[in-house]
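[1] Please work out how this folds:
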Amino acid sequence: MPYLLLGIAIIAEVTATLSLRASEGFSRLGPSLVVAAGYLISFVVLAKVLTRLNVGPVYAIWSALGTVGAFVGGVLLFDERVRPATVIGAAIVIAGVIVMNLGGGASHG
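    Alright, predicted model coming up:
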């Protein structure tokens with residue numbers, strides 16, 4: 001169950017981040033409301049996850065998948081360019097999360 005909640009927190013964070021771009025500096029109400037709701041949901045759910053799992057690996061997963069999700073969303077929604085360096089960077093971020101989890105796991109206690 002904590003990993004399902006972590007997935008929800010990641011989806012909410014990516015949605016909020018992409019909506020931040022769509023809000024055009026908070027000049028558009030709809031996306032601005034999605035930003036506020038998305039980050040609120042993400043942090044509340046993340047706090048719940050952290051009652052069951054270790055903070056280091058969970059934060060690594062949350063931030064890495066959020067980073068990669070925002071990158072992919074930017075490409076798909078805003079026609080941002082895909083450059084070799086950004087793909088390599090995303091792969092390094094994911095590799096780092098894998099290494100962190102191999103080193104200690106995410107179980108609490």
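[2] what mean pLDDT would you report for stretch 58-70?
    The average of the pLDDT scores along stretch 58-70 is 93.
[3] Stretch 94-109 now?
    Here the average pLDDT along stretch 94-109 is 75.
[4] Output the longest helix belonging to this protein.
    Criterion DSSP state H: the longest helix present in the chain is helix 55-78.
[5] what's it packed up against?
    For helix 55-78, the contact count by 3 or more C-beta pairs under 8 Å, 6 or more residues apart in numbering; DSSP states H and E identifies helix 2-22, helix 29-49, helix 84-104 as packing neighbours. (C-beta placed from N, C-alpha, C; glycine too.)
[6] Which positions in the second one come out as buried?
    This points to helix 29-49. Residues of helix 29-49 classed as buried: Pro31, Ser32, Val34, Val35, Gly38, Tyr39, Ile41, Ser42, Val45, Leu46, Val49 (neighbour count, 16 or more other C-beta atoms under 10 Å).
[7] got a list of what the second one touches?
    Right, Ser32. Ser19, Ser23, Phe26 (C-beta atoms under 8 Å, 6 or more residues apart in numbering).
[8] Doesn't the last one lie inside a helix?
    Read that as Phe26. No: secondary structure of Phe26 (DSSP: H, G, I helix; E, B strand; the rest coil): coil, not part of a helix.
[9] show me what contacts it?
    Residues near Phe26 by C-beta under 8 Å, 6+ apart: Ser32, Val35.
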